[in-house]
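Student: Just the structure for this:
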Amino acid sequence: MTSAAPTATIASTAQPQQQQQDPNALLDSLDAFSSNRAAVAAVLGSEASEADATSEVSNATLDPVDFINRHYTTEHLLISQLPTLRQAVNERGDKLQERISTALQRQSETSENTRRHVIDAKQSILTLEKRIRLVQEKAGQSERAVLEITKDMKRLDCAKRHLQKTITTLKQLHMLVNAVEQLRL
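Tutor: Next up, the predicted model:
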């Protein structure tokens, strides 16, 4: 039996087999082929030159006629499975569309959350800068106050020393005056 393409033939067997092919299993095998091809490309791409990797991957292409012949042994089986296969493909497409939609929605939510976090962080940084300036101003004021206090303390300490010397000198003068008076008597 021949198909629309001249080289595509569907294998026929002497006795028709009416095995039910699970369309999801068929789609899984196609997915596995794609995943394996990507893995081979990744491995060959890291170990060999890019030209070698491209030629190796292109040799591992999927022959759709061979794939269909392996999974559907008769044309009748293929035709009977087409509605189920179409439904499975549509379901996978819907699931994929839903996953893409969910991913885009999460991306949007994440983007908005990230934007809010960045704005909050900027506001926190501005608040922190204001607090740092305030602390620096207060530290400067405290330093000036300490300098004034120490300057006053130095003056008072100097005055105390002078006062002690004056008192000592006055005592000595008082003792001298007393001694001179006793000598006169």
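Student: in which helix or strand would I find Ile125?
Tutor: helix 75-184 (DSSP states H and E).
Student: Tell me which other helices or strands that helix touches.
Tutor: On a contact count with 3 or more C-beta pairs under 8 Å, 6 or more residues apart in numbering; DSSP states H and E, helix 75-184 meets helix 23-47. Backbone N, C-alpha and C define where each C-beta goes, glycine included.
Student: Could you pull up the mean pLDDT of the helix it packs on?
Tutor: For helix 23-47, mean pLDDT rounds to 63.
Student: now stretch 101-108
Tutor: pLDDT averaged over stretch 101-108 gives 86.
Student: buried stuff in it?
Tutor: Neighbour-count burial for stretch 101-108 flags no residue at all (criterion: 16 or more other C-beta atoms under 10 Å).
Student: repeat for stretch 67-80
Tutor: In stretch 67-80, counting by 16+ other C-beta under 10 Å, buried: 68-69, 71-75, 77-78.
Student: Taking the centroid of the protein, which residue is nearest it?
Tutor: Per C-alpha atoms, centre = their mean, the C-alpha nearest to the average position across the chain is that of Thr114, at 10.6 Å.
Student: Show me what secondary structure element comes after the worst-scoring helix or strand of the chain on mean pLDDT.
Tutor: Ranking every helix and strand in the chain by mean pLDDT, DSSP states H and E puts helix 50-59 at the bottom, with a mean of 44. Going down the chain from helix 50-59, the next helix or strand is helix 64-71, by DSSP H and E.
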